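Undergrad: could you look at this predicted model? Sequence included:
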Amino acid sequence: MFAYLVRRLFLMLVTLFGISVVIFFLLRIVPGNIVDILFAAAGYVDPADKADLEKQLGIDQPLVAQYLHWIGGLLRGDFGYSYVSEKPALQEILPRIPITARLAGLALLFSASIGIPLGVISAVKQGTKLDYALRVVSLSGLSLPSFWLGLLILTASVAMFGQMPIFNPNPQTWLEAFATYAVPAAAVGFRSAALTMRITRSSMLEVLRQDYIRTARAKGASDAAVNYHHALKNAILPVITVIGIEAAFLIGGLIVTETVFNIPGVARFLVEAIRWRDYPIVQNLVMFIAVVVVFANFTVDMLYAVFDPRIRYTD
């Protein structure tokens, strides 16, 4: 087990190193930088002023030197300064992480609590009207774009209540926090719940055809015991995989939702930083998202051994 963990840790570090190289050089391939954008907005270009500003920001150095400077700073805990606000990058990023984390967590909770039970019901009631209705709902959830659903929710809110949901950055109670994040989380979680439900249904149908399920029924086990203790327990691994992928996706994939609901989260801030070529912000945010994705995959692998005793990570 220890050797496996060491190998996984090494592979995670190699993956993060590769991502750092890719994002760093991809940003430099894109035409224009923050200096070009600022001078274009000002309407004039003074070569001397432009060269001086590039020197101050350090973007006049060779790409390899810039990369080593950035990586060295990360290893020392120095995340650099934002080119736009001139504030420490960490100071700009940290306040936005809890906002996106709450939204993603609530959306994931909505997805799992709705998708898994409905997937089980759809599999158990295969071929019935209820099964067809649930399949239509899941297909609708996968087909409807989250931004369109968000706009629909905002329009319905205005029509029924005369106002749109307003994001409260500092809720005083858990009830206020839930009210603040519930609507956008439901808009995002609906798609995730639909995907979770379809995966749960497919996995359950495969397990329900196994011999040990028929044996459990022949021994007189109740439907609830067969469906949830025997079937779901053995069908949960693909669902865990999907939930893990969705958890990683939601951290950096809420761009449209945060924009529609005017939420100052990580994903929306990342888009704004890309537009301004704010290299320190973009690089650090992408690395943060990469770390979340890598650790989410590692957590999913560890959960396999928890839910399925047959899986063992040995030397």
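TA: Looks like it came in fine.

Undergrad: how near is Gly150 to Val292?
TA: 23 Å (C-beta to C-beta, to the nearest Å). Where you see a C-beta, it was placed from the backbone N, CA and C, and this is true even at glycine.

Undergrad: quick one: the helices in the stretch 101-250 of the chain, in order.
TA: 129-143, 146-161, 174-208, 211-218, 223-224, 232-252 (DSSP state H, counting those that start in this stretch).

Undergrad: for the fourth one, the averaged confidence score.
TA: To tie it back to what came earlier, the one meant is helix 211-218. Regarding helix 211-218, the rounded mean pLDDT is 88.

Undergrad: contacting residues around it?
TA: Val207, Ala225, Val226, His230, Ala231 (C-beta atoms under 8 Å, 6 or more residues apart in numbering).

Undergrad: enumerate every residue touching the third one.
TA: In this case it means Val226. Per C-beta under 8 Å, 6+ apart, neighbours of Val226: Ile213, Ala216, Arg217.

Undergrad: return the member of the residues you listed nearest to Phe249.
TA: Within those, distances to Phe249 taken as C-beta to C-beta reach their minimum at Ile213, with 32.5 Å.

Undergrad: what about the closest one, neighbour count?
TA: The burial count assigned to Ile213 is 17, neighbours taken as other C-beta atoms under 10 Å.

Undergrad: among the contacts of helix 211-218, which pair sits farthest apart?
TA: Greatest spatial distance among these (C-beta to C-beta): Val207 and Ala225, at 14.0 Å.

Undergrad: of those two, which one has the most company?
TA: Taking neighbours as other C-beta under 10 Å, Val207 and Ala225 compare with Val207 leading, 19 against 14.

Undergrad: so what's the residue count around the closest residue to the more buried one other than its chain neighbours?
TA: Nearest residue to Val207, sequence neighbours excluded (C-beta to C-beta, 6 or more residues apart in numbering): Ala235, at 4.4 Å. By other C-beta under 10 Å, 25 other residues sit near Ala235.

Undergrad: and if you look at the one 4 residues further on?
TA: If you count neighbours by other C-beta under 10 Å, Val239 ends up with 23.

Undergrad: what bits of the protein have low per-residue confidence?
TA: Within the chain, the ranges that satisfy pLDDT under 70 run 1, 39-45, 163-165, 252-253, 309, 312-315.

Undergrad: show me it divided up by domain.
TA: The chain breaks down into these structural domains: 2-94, 97-307 (assignment by automatic domain parsing).

Undergrad: out of the ones you listed, deepest packed?
TA: Compared across the domains of the chain, domain 97-307 shows the largest average neighbour count, a mean of 18 (mean count of other C-beta atoms under 10 Å).

Undergrad: now do the same end-to-end measure for it.
TA: Domain 97-307 has an end-to-end distance of 30 Å (C-alpha to C-alpha, to the nearest Å).

Undergrad: with stretch 207-226 instead?
TA: 11 Å.

Undergrad: ok so Val84 is a helix residue?
TA: No: the assignment for Val84, made by DSSP: H, G, I helix; E, B strand; the rest coil, is coil rather than a helix.

Undergrad: next one: phi and psi at it?
TA: phi -90, psi -50 (degrees, to the nearest 10).

Undergrad: and for Pro88?
TA: phi -60, psi 140.

Undergrad: Val30 too?
TA: Torsion angles, degrees, to the nearest 10, at Val30: phi -60, psi 130.

Undergrad: ok, it touching Arg275?
TA: No: taking contacts as C-beta atoms under 8 Å, Val30 lies outside contact range of Arg275: 10.8 Å.

Undergrad: with adjacent residues omitted, what lies nearest to Ile99?
TA: Closest residue to Ile99 apart from its sequence neighbours, by C-beta to C-beta, 6+ apart: Gly265 at 4.6 Å.

Undergrad: same question, Ser138
TA: Ala194 (4.3 Å).

Undergrad: hang on, that neighbour packs against Leu118?
TA: No: Ala194 is beyond contact range of Leu118, at 9.2 Å (criterion: C-beta under 8 Å).

Undergrad: identify the contacts common to the two.
TA: Jointly contacting Ala194 and Leu118 under the rule C-beta under 8 Å, 6+ apart are Val137, Ser138.

Undergrad: nearest to Tyr181, of the contacts of helix 211-218?
TA: For the contacts of helix 211-218, the nearest to Tyr181 is Ala231 (33.1 Å; C-beta to C-beta).

Undergrad: need the contact list for the closest residue to the closest one other than its chain neighbours.
TA: Nearest non-adjacent residue to Ala231, counting by C-beta to C-beta, 6+ apart: Val207, 4.8 Å away. Residues near Val207 by C-beta under 8 Å, 6+ apart: Ile213, Ala231, Asn234, Ala235.
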